[in-house]
Each structure stands twice: as structure tokens, then as C-alpha cells.
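Asker: dropping the sequence and predicted coords here.
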Amino acid sequence: MKGVILSQLTWEEAQNAYETYSIVMLPIGAGTKEHGVHLPCGTDYFIIEELAARVVDACPVIMLPTLPYAYYPAFIDWPGSVSIKADHFMGFIGDIIKSFVKHGIRKFLILDGGVSTQHPLKILSSDLHNELGILVAVTNILEIGKEVKDEVCEQEWGGHADEVETSSMLSINRNKVKINYAVEEYSHKAPGSCSKNGGQKVFLGRKVTTKSGISGNASLATVEKGEKILAAQTNDIITFIDYFKRVDI
């Protein structure tokens, strides 16, 4: 059963959708955030839009328009980057969710394309559950599809505008990628704090300081890797939704 795209419905059709579908999905991907000299500032937005389109085509969810602004403090010094304060970001997302709670929706999936956004969204998920008794699931962009990322990627480690994101963008629209400018650069890595592709044992908030603004080896990216990564990420989300729709609340 496919889902529906709320922006394409009339309010009467929206009311019918509320009675038919139990999950509202909110995609969040930076519409303007630096991604090195080889990727557009809208990379996160394009990737999340692609994943959201695949999910709504396969799952019974109500899809909201992708939110292009969020909490991205590590990039605020870079031209083309926008960051919203964490408390403002949480309040804004909370208001969006509460707009649907008043119409009876009790389950929400935030399709999150960020890393720094994870902290405020997890707090919001718990707070809204305690306050309203609703369920707000938040995807982790570093973990969905991770098994396939680890299998196909060759970079030492990554995290931003790297082999993973560059491959994904090549698969989505290779004309948006200046692959000849793709480089290998790594941000600061404290001993033992990170594993391949950004897994963390200890968190230390820092700004992006590499020369090009990336962390990873974007030069290893290929269309084929991107196709496999996007498919694996989509499958992980679909698997969760299949479980989520059966959860009693």
C-alpha cells in the first residue's frame, strides 16, 4: 500500500488520509549547507527527498514537505550554510507534530538527514511521548544502510561529503556532482573516538575545519555504490515502518 503526499491533497482528502494512515513522515534535510567544492549545498536535501520518495511509494505513510532548515552548528562559518538554534528547531518540529496530534495522528517518523540534529530530535521524541503519549521515531542517517555502506565503501572513515554522500548524489543526479574536484580529507579524530564512517564512542562537538569542508574520501565515490547505499537505506526504513504500523499506542 502506497502512501500519500500531503501537499498534493485538498483538506478534505487530508482528512480522509488521517483516517486511513496511521503514520506521518517528516523528512528533514539541509537545503543549504556546505558539502565541499564538489557537491551542492543542497546535498542533504536531495538525498532525503530521494529516500522519502522511495518510502512513500512503498509504505502507507502521510509524507510532509521536506524541512530544509535545522540545527547544523558545525557548518555555520561556511558560506552557503544555515543553522537554526537547537531550542528553536525543537520548538518548530514540536509545533508541526502537534498540528497532526489534534487530528488524531499518534505516530510520527522523522526521516532525518543530519547528524547534529539527532541530539535535539531524540530529546523532542522523549518529551512529546511523556507529554502527549505519542510515538516519534527518528532515523539515524549514519546507521541506516550501514551494513551495505561498510561493504561497498573503501574510505578510511567518513562523515561529511564523503564517499557515501558523493556516491548517493552520483546515483540521484550525477550532473550535480563535480567529481573532478572530489578530494580525500579528514577532520580531527581523537584516538579511539571514531570507527569507520563516523561511529562514535565519545562525542566532542567541533566545527568543520578541513580545507575543502569534507571529511572522508569523496574521490572513491561511484554511481554503483550510491545505488546500493540508497537501496539499503530505503529497505531499513521500510522494515521499521512495517514494524511501526503494528505497534499499539
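Answerer: Done, it's in.
Asker: could you pull out the strands for this protein?
Answerer: In the chain, the strands defined using DSSP state E lie at 4-5, 23-28, 61-63, 107-112, 135-138, 184-185, 216-217.
Asker: report the contact partners of the residue most central in space within the chain.
Answerer: With distances taken as CA atoms, centre = their mean, residue 113 lies nearest the centre of the chain, 1.5 Å away. Counting by CB atoms under 8 Å, 6 or more residues apart in numbering, residue 113 touches 27, 28, 29, 30, 44, 45, 47, 48, 51, 141. From N, CA and C alone the C-beta is placed, and that goes for glycine too.
Asker: which ones are touching the closest residue to the third one other than its chain neighbours?
Answerer: Same thing as residue 29. Of all residues not flanking residue 29 in the chain, residue 48 sits nearest, at 3.2 Å (CB to CB, 6 or more residues apart in numbering). If a contact means CB under 8 Å, 6+ apart, then residue 48 has 27, 28, 29, 66, 111, 112, 113 as its contacts.
Asker: any idea which of the residues you listed is closest to residue 244?
Answerer: Distance to residue 244 across these (CB to CB) is lowest for residue 111, with 12.4 Å.
Asker: now the closest one: how far from residue 44?
Answerer: 11 Å (CB to CB, to the nearest Å).
Asker: neighbour count winner among those two?
Answerer: residue 44 (30 against 27; other CB atoms under 10 Å).
Asker: the protein: helices as residue ranges?
Answerer: 11-20, 43-56, 86-101, 118-132, 146-152, 163-173, 223-244 (DSSP state H).
Asker: most tightly packed of those?
Answerer: helix 163-173 (a mean of 25; mean count of other CB atoms under 10 Å).
Asker: so which elements touch it?
Answerer: Contact here means 3 or more CB pairs under 8 Å, 6 or more residues apart in numbering; DSSP states H and E; on that basis helix 163-173 packs against helix 43-56, strand 216-217, helix 223-244.
Asker: JSON lines please, covering these and showing distance to residue 99.
Answerer: Below are the helices and strands packed on helix 163-173 laid out as JSON lines (distance: least, CB to CB, whole Å):
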{"stretch": "helix 43-56", "distance to residue 99": "19"}
{"stretch": "strand 216-217", "distance to residue 99": "37"}
{"stretch": "helix 223-244", "distance to residue 99": "20"}
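Asker: wait, residue 117 sits on residue 28?
Answerer: Yes: between residue 117 and residue 28 a contact is recorded at 6.4 Å, counting by CB atoms under 8 Å.
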